[in-house]
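Okay, predicted coordinates and the sequence, questions at the end:
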Amino acid sequence: WKERIFNGDYQATFKYLNNSYYDGYLNNIFPEIRYDESKLGSYHSELLNHLTHKDFLGNSFQFSIDINKSKRINFLADYVDLYLFPHNIGIFSIKFYLSEAEFLNIACISDFLNQIRQLSTKINFNSVELSLNDFIEDKIIKWLHPDKDWILFNPQLKSYIMIDLKDEMDSKELDYLLYDIGNISVIGSAKGEGIFAPSEDYFKRQLNTNKISVFKNWSALSLYDTFTRISIDFPDEYKSWEYDYFNLYIHCLYLKFFMYLTNTELSDVTTVTEKTERIRDDFIEFINDYYHSHFSYKFLPDLMQDKLLSSLEVPPEIERIETKIKRINEHIKEKREKSFNRALITITLLSIISVIFTSSEWMISLGYPRNWMYPLT
């Protein structure tokens with residue numbers, strides 16, 4: 001994948017990342033910076049394999065979606081990436097963008113986002129109509145032979161949305177737009193228009209809790225299914241939001257998916273077995289390796305991580321799993337104590353028998369008849 005960064009000129013980007021993040025995070029999401037090729041490229045590797053689909057690289061494939069009978073939006077796919085993580089978790093990402101001037105307006109962007117996240121959406125690709133789900137299975141993940149129930153973990157795709165506006169917009173209008181785009185709502189909903197307009201209390205709470213606002217020329221909103229950044233005449237010239245912060249988003253998604261799978265496995269536990277202990281050990285190892293309180297020399301990545309993890313509800317999920325792990329540990333402790341007590345009783349009984357035998361032999365040596373001594377004892 002690194003070969004697509006500025007057409008293969010990735011060294012400066014890697015140097016920037018190396019100077020921005022601690023080793024733990026770099027090992028998690030940018031192992032190419034820390035390890036040579038001999039440690040990468042295996043499905044069973046303990047490191048992330050980050051791949052780019054060659055068929056899409058640099059080709060900008062043409063797609064279209066029918067919004068209604070009279071409106072069709074054309075868009076391009078710039079590349080398709082695969083993140084193959086340890087613990088049999090994979091994440092795919094597709095960079096879609098609108099390039100034609102007639103579609104570069106907020107209304108079309110809103111319509112596009114509403115459709116592109118639904119796996120049942122019909123898209124036109126190379127003059128063939130197929131569902132987005134079929135496109136993903138046939139063009140992206142079929143070589144990985146995923147479980148058929150992979151779709152259960154993706155009822156709808158998550159969206160990482162970058163919008164740059166040409167004209168100035170006051171902060172209140174920007175907040176309205178940020179809410180509408182982030183919630184995939186009809187434009188104008190945040191202002192109170194339509195049946196899906198939020199209550200004033202909910203609107204304020206969401207912005208206060210999930211908004212990232214550091215500089216005047218951009219704001220971002222981190223929600224469960226979307227991450228939205230809107231800038232004002234401040235395009236991502238150096239692609240920091242694509243090569244840097246997007247990978248931070250992927251890292252947080254990996255945390256979320258691992259917690260989801262672990263919670264699912266633990267919910268089926270009725271008795272403690274070796275498998276249960278393995279789940280516990282994997283969870284503890286994962287938390288130590290991937291759950292970082294701080295991982296950057298800069299303030300913005302840590303701020304973003306806090307917002308992303310909060311919106312994905314990762315911290316409370318970790319707390320719930322830790323509670324389950326604590327109960328498992330208590331159960332294992334009780335099980336071991338019972339086993340120890342049974343062993344102690346057995347040893348005590350054997351000791352009593354040994355004492356009786358030794359005493360009987362001693363009495364016989366003093367002159368008591370053997371055939372009289374043993375029946376009594």
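All right, it came through fine. Nothing here was measured: the structure is a model prediction, and the numbers come from that model.

any chance you could map the helices in this protein?
Applying DSSP state H to the chain gives helices spanning 11-18, 23-29, 31-34, 106-116, 132-136, 171-182, 200-210, 240-243, 245-267, 274-290, 299-311, 314-365, 370-376.

got a markdown table for those, with mean neighbour count, distance to Arg229 and mean pLDDT too?
Bear in mind the C-beta positions are built from the backbone N, C-alpha and C, glycine included. Formatted as a markdown table, the helices of the chain follow (neighbours: other CB atoms under 10 Å; distance: least, CB to CB, whole Å; pLDDT from 0 to 100):
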| stretch | mean neighbour count | distance to Arg229 | mean pLDDT |
| --- | --- | --- | --- |
| helix 11-18 | 14 | 19 | 95 |
| helix 23-29 | 18 | 19 | 95 |
| helix 31-34 | 17 | 25 | 92 |
| helix 106-116 | 17 | 13 | 94 |
| helix 132-136 | 19 | 23 | 92 |
| helix 171-182 | 20 | 9 | 96 |
| helix 200-210 | 14 | 13 | 96 |
| helix 240-243 | 17 | 6 | 95 |
| helix 245-267 | 19 | 8 | 93 |
| helix 274-290 | 15 | 24 | 89 |
| helix 299-311 | 18 | 10 | 96 |
| helix 314-365 | 12 | 20 | 85 |
| helix 370-376 | 11 | 90 | 70 |
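
Quick check: which of those is nearest to Gly194?
Checking those against Gly194 by CB to CB gives helix 171-182 as the closest, at 10.3 Å.

list the helices and strands that closest one packs on?
Applying 3 or more CB pairs under 8 Å, 6 or more residues apart in numbering; DSSP states H and E, we find helix 171-182 packed against helix 106-116, strand 159-165, helix 200-210, strand 218-222, strand 226-232.

Of these, give the one that comes closest to Asn247.
Nearest to Asn247, of all the helices and strands packed on helix 171-182, is strand 159-165, at 10.5 Å by CB to CB.

Run through who's touching the closest one.
Residues outside strand 159-165 that contact it (CB atoms under 8 Å, 6 or more residues apart in numbering): 93, 109, 113, 116-117, 181-182, 184, 225-236, 241-242, 246, 249.

do the same with stretch 261-275
Residues outside stretch 261-275 that contact it (CB under 8 Å, 6+ apart): 87, 89, 276, 279, 282-283, 286, 317, 320-321, 324, 328, 331-332, 335.

and of those residues, the nearest to Pro198?
Glu317 (25.4 Å).

Could you list which residues are in contact with that closest one?
Counting by CB under 8 Å, 6+ apart, Glu317 touches 256, 259-260, 263.

okay, among these, which ones form the most distant pair?
Lys256 and Asn263 (10.6 Å).
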